[in-house]
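Trainee: when you get a sec, could you give me coordinates for this:
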Amino acid sequence: MLIKSSMKIVISILVISGFVLARAQMGTSKPAQTAAPGSTKSEQSAAPAGKDHPEENYVIGDGDVLGINVWKEQELTGPIPVRLDGKISLPLIGEIQASGRTPTQLKNDITDKLRAYLSAPDVTVTVLQMNSQKFNILGRVSKPGSYPLSATTTVLDGIAAAGGFLDFAKQKGVYILRKNSEGRMTRIAFNYKDVIRGNHPEENIQLRPDDTIVVP
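Mentor: Numbers count the residues shown, from 1 in each chain. Next up is the predicted model:
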């Protein structure tokens, strides 16, 4: 009986020691990172894509309307059309070349010239109307063709400008043809039915110069 009792005590000590050792190992190990459903490790590690700002790279053209704002200088602030010779006129500095410049470049040009009259000119330049640029809309719409592009024209705006859809237009199959930076044509889907119901509003993108809306 004494031998059996001693064996039971030894076995109990071994079991308890094994349990304590296992808990210690679990406490020092790092939990495994799990991927989100449907994602890959490369997708998780990738930084989010930044938003592009097409107006920053927009090249001003004849007929465009610019919004010029000089802080605390009301006479230098307001909408100004770009003349057919590509220039605009401002008080104090007179004529300045606008066509062929980006809004940022023109802002810097105006700022440099105003330094002769103002101690610290704060200038902003925005494109209010892109009259020198156009977008196209083709297919089953009332008035297909080319239309002036404003800084805020969306796909819905483009469809409205063309008079809306004709009968049997595939409103779920509309797409936009856009030339990418490599000069290749890309296709951007636009489901009209979804967008007007409030679904996927991100599809109602702002149009860029020479975009073509196709309504099959």
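
Trainee: nearest residue to Asn136 in space, please, no chain neighbours.
Mentor: Excluding the flanking residues, the one nearest Asn136 by CB to CB, 6 or more residues apart in numbering is Thr212, at 4.2 Å. C-beta coordinates here come from the backbone N, C-alpha and C atoms, glycine included.

Trainee: before we move on, what about Val127?
Mentor: Per CB to CB, 6+ apart, closest to Val127 is Ala151, 4.9 Å.

Trainee: please apply the same query to Gly164.
Mentor: Counting by CB to CB, 6+ apart, the residue nearest Gly164 is Ser142, at 5.9 Å.

Trainee: and that neighbour, how many residues sit next to it?
Mentor: Using other CB atoms under 10 Å, Ser142 is surrounded by 10 other residues.

Trainee: what about it, distance to Gly163?
Mentor: According to CB to CB, to the nearest Å, Ser142 and Gly163 sit 3 Å apart.

Trainee: what bits of the chain have low per-residue confidence?
Mentor: Where the chain drops to pLDDT under 70, the residues are 1-56.

Trainee: strands paired with the lengthiest strand in it, and their directions?
Mentor: Ranked by residue count and defined by DSSP state E, the top strand of the chain is strand 123-139. Sheet pairing of strand 123-139 (DSSP bridges) gives strand 65-70 (antiparallel), strand 145-150 (antiparallel), strand 212-215 (parallel).

Trainee: out of those strands, nearest to Arg184?
Mentor: Closest approach to Arg184 among the strands paired with strand 123-139 is made by strand 212-215 (14.1 Å; CB to CB).

Trainee: which residues are in contact with that closest one?
Mentor: 135-141, 155, 158-159, 162, 165, 169-171, 174-178, 190, 207 (CB atoms under 8 Å, 6 or more residues apart in numbering).

Trainee: report the buried members of those.
Mentor: The neighbour-count test (16 or more other CB atoms under 10 Å) marks 135-137, 139-141, 155, 158-159, 162, 165, 169, 171, 174-176, 178, 190, 207 as buried among those.

Trainee: domains of the protein?
Mentor: 54-130, 133-215 (automatic domain parsing).

Trainee: can you give me the helices in the chain?
Mentor: Along the chain, the segments classed as helices by DSSP state H run 2-28, 41-45, 103-114, 155-161, 192-196.

Trainee: buried stuff in the last one?
Mentor: What that stands for is helix 192-196. For helix 192-196, the neighbour count (16+ other CB under 10 Å) marks Tyr192, Val195 as buried.

Trainee: now it, how far from the centre of its chain.
Mentor: On the basis of CA atoms, centre = their mean, to the nearest Å, helix 192-196 is displaced by 20 Å from the centre of the chain it belongs to.

Trainee: same deal with the third one?
Mentor: Here helix 103-114 shows a centroid-to-chain-centroid distance of 25 Å under the convention CA atoms, centre = their mean.

Trainee: which other helices and strands contact it?
Mentor: strand 65-70, strand 94-97, strand 123-139 (3 or more CB pairs under 8 Å, 6 or more residues apart in numbering; DSSP states H and E).
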